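What follows is a predicted structure for the sequence shown.
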Amino acid sequence: MEVDETTVRRIARLARIEVTDEEAASLKGELSGILQWVEQLEEVNTDNVEPMTRVVPIALKQRDDVVTDGEKVEDVIANAPMSEDNFYVVPTVIE
Amino acid sequence: MAAATDNLIAGATGDWEIVIGLEVHAQVNSKAKLFSGASTEFGGAPNSHVSLVDAAMPGMLPVINRECVAQAVRTGLGLNAQINLRSTFDRKNYFYPDLPQGYQISQLYHPIVGEGEIEIDVDGDAKSIGIERLHLEQDAGKSIHDMHPDYSYVDLNRSGVALMEIVSKPDMRSAKEAQAYVTKVRTILRYLDTCDGDMEKGNMRADVNVSVRKPGDELGTRCEIKNVNSIRFIGQAIEIEARRQIDIIEDGGKIDQETRLYDPRAGETRSMRSKEEAHDYRYFPDPDLLPLEFDQAYVDDLKTGLPELPDEKRARFMADMGLSVYDASVLVVDKDNADYFEAVAAGRDGKMSANWVINELFGRLNKEGLEVEQSPVSAAQLGELIDLISSDTISGKIAKDVFEIVWSEGGAPAAIVEERGLKQVTDTGAIEAAVDEVVAANPDQVKKAIDNPKLAGWFVGQVMKATGGKANPQAVQAIVKAKLGL
């Protein structure tokens, strides 16, 4: 599958990544290459093959319903570019 | 399926049918969040109930809360649904400041609960509504837009709290049916104690999918009305949206599939038209989480622990206590109401208890805008009052007065009756004396009553008045008839 520049721009926008014209041109080639490789993988017959989710037989780790965390607002907002009264403050985003 | 003909709405080109499907988001009752150990408690100081997982700090990993899993399974069982022994988590990607991960962990491809069905009741007609699925997902944080003209304030206390999204099939055909469905889901969740159902706090909210069609046609294009937060608004939003769609189609237009918002003040739904890419969520399996797996024994064990659900309770009230469908239905809508009734009815007449609880107590609570937990009259007090009627100690009429006294002043009904001398007079001698007095004082009425026996009722009334309502009405009636020779 060929990726065109419009698609590159769209993906970049969805990921909120700024892409220059130069980068877009080179990404177009790189992404197309990756997709072609995936297409190659698709040639393998995987009928009746379970998707692999782990290489060793382990189960999803679960936690008891106990409050063990939180109450660390200084840590939580420590890296915020802006904060006030322990809120994060961000440019207005109302729709 | 109930006949749809009642539900059709008239348009310029003929009748239209509304088709409704609902997505209910219900906050899971748990102490800690779905994937972190931070508290779910409502109303904490900004960003206090936040772990570094909820704030999506680099390198933090989610670990699932086993109670949230159990709650989802219990809810699935309560919705008579298929429980999937294996489910998986996916990432739903979008950018918003109150979603620090940049994605919501949800279950798109393999949800924990599959198809089920519940029964609703609209104006006495039962109808079955299909459940499509139930999945677990994270709630987002909260953005506050009115604290500053140029900035939004973000609080992540809700970020990561477990939600159950319950998706119905498009089986509803009127606003009333949709309201009955949400009410029933809420009742079931509250019985199961898997969600408190508090719509005012946003702990339960619904996305409403509405489309219209001519009866028998293919499904029309639907619009999704987001985040409707009361059962009343759900009804209003559906009717307004259906009318909007009919008007557009009848004017030769076409419905755009889109997300809309209901504005109760303006009485309209509005497009939330955002950038066309906003809905490209690019779901993919979350590589941080293994599949969620359990065995049937685990499910069976949870099933054994389920409480009695509203439909079973209603059936029991009817079969064991002789209640009517109506009374039983009213009582089971809310578990607290049903519990109160059961406490009153324990060892007493079911019908009489239901009458007092529904007519006197609920009537009074409604008038004052109180919930049953706030009732000034306890179940024990009301039960004692009913005992006084059953034992003929007081009449039903006096009992209402005693109820008022207990409501406003408190106290034990038996003691109140004793202290204020409200005991019913069953002593025939005393009643006879009172009847004699009334007869002697009203010779004209006596003559009329002999010609027209219906007027005996007047004498009964006079005697009741003279005895302060304390005379046994049946005894008075018998004696009046005897004295007048009727």
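Yes, it's here.

Give the buried residues for the helix or strand containing B:A440.
Assessed by DSSP states H and E, B:A440 sits inside helix B:428-441. Neighbour-count burial for helix B:428-441, with 16 or more other C-beta atoms under 10 Å in any protein chain shown as criterion, is recorded at B:I431, B:E432, B:A434, B:V435, B:V438, B:V439. Any C-beta I mention is one placed from the backbone N, CA and C, and that applies to glycine too.

Which member of those is positioned nearest chain A?
Comparing the buried residues of helix B:428-441 against chain A with C-beta to the nearest C-beta places B:I431 closest, at 65.5 Å.

contacting residues for the closest one?
Applying C-beta atoms under 8 Å, 6 or more residues apart in numbering or on different chains to B:I431 gives the contacts B:V425, B:V463, B:T467, B:A471, B:N472, B:A475, B:V476, B:I479.

And for the residue of the stretch 301-450 of chain B found nearest chain A, the neighbour number?
Residue of the stretch 301-450 of chain B nearest chain A, by C-beta to the nearest C-beta: B:L302 (14.4 Å). B:L302: 18 surrounding residues under other C-beta atoms under 10 Å in any protein chain shown.

in which helix or strand would I find it?
helix B:296-304.

what sits up against the helix or strand following that helix?
Heading C-terminal from helix B:296-304, the first helix or strand you meet, by DSSP H and E, is helix B:310-321. Outside helix B:310-321, the residues that touch it by C-beta under 8 Å, 6+ apart are B:119, B:184, B:187-188, B:191, B:308, B:323-325, B:327-329, B:331-333, B:335, B:338, B:345, B:350-351, B:353-354.

Quick check: longest strand in chain A by residues?
If you go by DSSP state E, chain A has its longest strand at strand A:87-91.

Now do that strand, average pLDDT.
Mean pLDDT, strand A:87-91: 96.

show me what contacts the residue lying farthest from the centre of chain A?
Relative to the C-alpha centroid of chain A, counting by C-alpha atoms, centre = their mean, A:D85 is the outermost residue, at 30.5 Å. Listed by C-beta under 8 Å, 6+ apart, the contact set of A:D85 reads B:P46.

where's it relative to A:V76, distance?
13 Å (C-beta to C-beta, to the nearest Å).

again with B:R186
B:R186 sits at a distance of 33 Å from A:V76 (criterion: C-beta to C-beta).

Ok, B:K184 next?
39 Å.

Of those two, which one has the most company?
Remark: of B:K184 and A:V76, A:V76 carries more neighbours, 25 against 19, as counted by other C-beta under 10 Å.

where exactly do the strands run in chain A?
A:62-63, A:83-84, A:87-91.

Around chain A, pick out the residues from the stretch 151-300 of chain B.
B:151-156, B:272, B:274, B:277, B:280, B:282, B:285, B:289-293 (C-beta under 8 Å from any C-beta of the partner chain).

Give me the subset of these lying in helices.
Among these, no member falls in helices (DSSP state H).

Just the buried residues of the residues you listed.
For those, buried by 16+ other C-beta under 10 Å: B:Y151, B:S152, B:Y153, B:V154, B:D155, B:L156, B:P285, B:L289, B:L290, B:P291, B:L292.

what's the farthest-apart pair in the residues you listed?
Farthest apart among these by C-beta to C-beta are B:Y151 and B:P291. That separation is 41.2 Å.

Now B:D401. Nearest residue, chain neighbours left out?
Leaving aside its sequence neighbours, B:D401 sits nearest to B:L422 (C-beta to C-beta, 6 or more residues apart in numbering or on different chains; 7.2 Å).

and the next element down the chain from the lengthiest helix in chain B?
As assigned by DSSP H, the longest helix anywhere in chain B is helix B:231-250. Counting by DSSP H and E, the next helix or strand C-terminal to helix B:231-250 is strand B:259-263.

quick revisit: JSON lines for the buried residues of helix B:428-441, including pLDDT?
Output for the buried residues of helix B:428-441, formatted as JSON lines (pLDDT from 0 to 100):
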{"residue": "B:I431", "pLDDT": "85"}
{"residue": "B:E432", "pLDDT": "85"}
{"residue": "B:A434", "pLDDT": "86"}
{"residue": "B:V435", "pLDDT": "87"}
{"residue": "B:V438", "pLDDT": "87"}
{"residue": "B:V439", "pLDDT": "87"}
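
Please tell me I have it right and the residue of the stretch 301-450 of chain B closest to chain A contacts B:V73.
Yes. Using C-beta atoms under 8 Å, B:L302 is in contact with B:V73, at 5.2 Å.

Am I right that B:Q104 is in a strand?
Yes. B:Q104 sits within a strand when classified using DSSP: H, G, I helix; E, B strand; the rest coil.

still on that earlier bit, in strands, which of the residues of the stretch 151-300 of chain B next to chain A appear?
Among these, the members found in strands (DSSP E) are B:Y151, B:S152, B:Y153, B:V154, B:D155, B:P285, B:L292, B:E293.

Kindly indicate which of the residues you listed lies nearest A:E2.
Of those, the one sitting nearest to A:E2 (C-beta to C-beta) turns out to be B:P285, at 26.2 Å.

what sits opposite the closest one in the beta ladder?
Taking DSSP bridges as the rule, B:P285 bridges to B:D90.

For the longest strand of chain A, buried residues please.
By neighbour count on 16+ other C-beta under 10 Å, the buried set for strand A:87-91 is A:F87, A:Y88, A:V89, A:V90.

measure the first one to B:L79 for me?
The span separating A:F87 from B:L79 equals 38 Å under the rule C-beta to C-beta.

before we move on, what about the second one?
Here the distance between A:Y88 and B:L79 works out to 37 Å (C-beta to C-beta).

And for the third one?
Separation of A:V89 from B:L79 (C-beta to C-beta): 41 Å.

and if you look at A:V8?
A:V8 is 44 Å from B:L79, by C-beta to C-beta.

Counting neighbours, go ahead and name the busier of the two.
B:L79 (24 against 21).

Would you map the helices across chain A?
A:5-14, A:21-41, A:73-77.

Rebuild these as JSON lines, extending it with mean pLDDT.
Putting the helices of chain A into JSON lines (pLDDT from 0 to 100) gives the following:
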{"stretch": "helix A:5-14", "mean pLDDT": "91"}
{"stretch": "helix A:21-41", "mean pLDDT": "94"}
{"stretch": "helix A:73-77", "mean pLDDT": "97"}
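
Chain B is nearest to which of those?
Nearest to chain B, of all the helices of chain A, is helix A:73-77, at 4.7 Å by C-beta to the nearest C-beta.
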